[in-house]
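[1] just coords:
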C-alpha cells in the first residue's frame, strides 16, 4: 500500500468539568520501502575510502532517482560530514544500483551511510522511498466537536463513581478519500467507555485533499481522558541517555548515529507502543531528512515501563532531548 503520509493528531481531551481542550495536529511524514524493486550492490562495507585518514569518519546521505530500468540512478548527496572521499565512495557504490519495477521509476529514494572511524566499517541504512510533495497544506481537515466525558453508568443508566476516571486511547485512522476513515484501536486504555467515545469521535474526522494522489493517508490520534482533580502518571522530560536506560535489551541493539549530522541538539517526543506496534516519534523541529534513520530505529525499541502504570503510560508522549554526541552501539 502506498501510504503517502502519517499524521499524528493529538486529540488530547483533558476534560476537567466543564473545561476541555485539543492540541494542534502535527503531521509526521513516513516513507515506505521499495522492497525488491531495487537491486543494490552486494555490500557497502568495502567502500570506506582508502584515502581517508584513520581518524576520519562521517555521515553521507543521498537521494537517488531512476529514469529507466537499465541505467544507474541520478544521485544527489545532500549530507556529507566526512569530506569528498566519502561522497565519492557513496556515489560509486550507488552507481551499481538498478531498478526492476516500473512503479519505482522517477520516484525519489534515499539512503544513509555511516562511516565508523574506529573500525573503518560502513553502516548503510535500508533504502527508502522519500516522502512525497503532498503535505497537510494541500488537505482540508474537518475536526468534530470535542465529546463529553464518558461517565461510568449503573445498569439502569445512572452515573456511578468509578476509580478509573482517567485513561488513554490510541487510534489509527486510514483515509482512503474524503469520506469516513477506517479506525483501528492501537491502545484501549483499559476502559471500554473511553474506547467507545474515542472511536465514535474519530469517525467524524475528514481529510479532504484536492490531489487524489495524496491518499491513502494514515493518522494516529492519542486521546487523554481525565476528571478535574485527577493526577494521572506522566512522563518527565528526559535526555536520550535516560531514554536508553529504559530500553529493554539495549545490549542486543546494533546502531551508530552521529547527531552532529542532524543539527543537534534537538527535541523529540516518543509515544511508546512496542512490542505491539511501532513507537511513534514526533520531530519537534525541522531536518527530518537528516533524522529519518534515527527515528526509524527509535520506532523499534521496547521501553521497560513500570508495571503499575504501564497501561496508562503506554501511548503517552515522553519528551526527549537529543544531544550533540555519537551513539555507538556497534
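    Okay, I see it. Please read all numbers here as calculations on a predicted model, not as lab measurements.

[2] Tell me where the stretch 101-250 of the chain has strands.
    All strands of the stretch 101-250 of the chain, identified by DSSP state E, counting those that start in this stretch, fall at 109-116, 121-124, 128-129, 139-142, 167-175, 182-187, 206-209, 217-225, 238-239.

[3] Take the ones you listed and write them to a markdown table, including mean neighbour count, mean pLDDT and distance to residue 283.
    Yep, even glycine has a C-beta here, placed from its N, CA and C like the rest. As requested, those are exported to a markdown table (neighbours: other CB atoms under 10 Å; pLDDT from 0 to 100; distance: least, CB to CB, whole Å):
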| stretch | mean neighbour count | mean pLDDT | distance to residue 283 |
| --- | --- | --- | --- |
| strand 109-116 | 24 | 92 | 15 |
| strand 121-124 | 18 | 89 | 22 |
| strand 128-129 | 20 | 82 | 16 |
| strand 139-142 | 14 | 84 | 19 |
| strand 167-175 | 22 | 84 | 19 |
| strand 182-187 | 17 | 89 | 20 |
| strand 206-209 | 18 | 86 | 20 |
| strand 217-225 | 23 | 81 | 14 |
| strand 238-239 | 14 | 94 | 17 |
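
[4] For residue 95, which of the ones you listed is the nearest?
    Among the strands of the stretch 101-250 of the chain, strand 109-116 comes nearest to residue 95, with 12.9 Å by CB to CB.

[5] pLDDT averaged over stretch 248-268 - what is it?
    Taken as a whole, stretch 248-268 carries a mean pLDDT of 93.

[6] Quick check: end-to-end length of it?
    20 Å (CA to CA, to the nearest Å).

[7] Quick check: buried residues in stretch 251-258?
    For stretch 251-258, the neighbour count (16 or more other CB atoms under 10 Å) marks 255, 256, 257, 258 as buried.

[8] any idea how far residue 62 is from the residue nearest to the spatial centre of the chain?
    Of all residues in the chain, the one closest to the mean position by CA atoms, centre = their mean is residue 281, 4.1 Å from it. Distance of residue 281 to residue 62, given as CB to CB, to the nearest Å: 22 Å.

[9] Dump the strands of the stretch 101-250 of the chain to JSON lines, plus distance to residue 71.
    Compiled in JSON lines, those are given as follows (distance: least, CB to CB, whole Å):
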{"stretch": "strand 109-116", "distance to residue 71": "14"}
{"stretch": "strand 121-124", "distance to residue 71": "22"}
{"stretch": "strand 128-129", "distance to residue 71": "19"}
{"stretch": "strand 139-142", "distance to residue 71": "35"}
{"stretch": "strand 167-175", "distance to residue 71": "36"}
{"stretch": "strand 182-187", "distance to residue 71": "40"}
{"stretch": "strand 206-209", "distance to residue 71": "33"}
{"stretch": "strand 217-225", "distance to residue 71": "32"}
{"stretch": "strand 238-239", "distance to residue 71": "46"}
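
[10] Would you state the helices of the chain in chain order?
    Along the chain, the segments classed as helices by DSSP state H run 84-94, 192-202, 240-245, 288-299, 310-313.

[11] In a markdown table, list the ones you listed along with distance to residue 147, mean neighbour count and mean pLDDT.
    Converted to a markdown table, these look like this (distance: least, CB to CB, whole Å; neighbours: other CB atoms under 10 Å; pLDDT from 0 to 100):
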| stretch | distance to residue 147 | mean neighbour count | mean pLDDT |
| --- | --- | --- | --- |
| helix 84-94 | 51 | 19 | 92 |
| helix 192-202 | 5 | 18 | 88 |
| helix 240-245 | 33 | 16 | 95 |
| helix 288-299 | 30 | 20 | 90 |
| helix 310-313 | 20 | 18 | 79 |
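
[12] export these to JSON lines and tack on distance to residue 323?
    JSON lines is the format used below for the helices of the chain (distance: least, CB to CB, whole Å):
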{"stretch": "helix 84-94", "distance to residue 323": "24"}
{"stretch": "helix 192-202", "distance to residue 323": "36"}
{"stretch": "helix 240-245", "distance to residue 323": "6"}
{"stretch": "helix 288-299", "distance to residue 323": "13"}
{"stretch": "helix 310-313", "distance to residue 323": "24"}
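
[13] Out of those, which is closest to residue 70?
    Nearest to residue 70, of all the helices of the chain, is helix 84-94, at 15.8 Å by CB to CB.

[14] Give me the helices and strands touching that closest one, please.
    Helices and strands touching helix 84-94, by 3 or more CB pairs under 8 Å, 6 or more residues apart in numbering; DSSP states H and E, are strand 58-65, strand 74-80, strand 109-116.

[15] let's see 7 Å
    In terms of contacts (3 or more CB pairs under 7 Å, 6 or more residues apart in numbering; DSSP states H and E), helix 84-94 is packed against strand 58-65, strand 74-80.

[16] now the shortest one and strand 58-65, what's the angle there?
    Meaning strand 74-80. Angle, strand 74-80 to strand 58-65, by axes from the mean of the first three to the mean of the last three CA atoms, to 10 degrees: 150 degrees.

[17] hey, which of the helices and strands packed on helix 84-94 is tucked in deepest?
    Highest mean neighbour count of those: strand 58-65, a mean of 22 (counted as mean count of other CB atoms under 10 Å).

[18] Now it: average pLDDT?
    For strand 58-65, the per-residue pLDDT averages 93.
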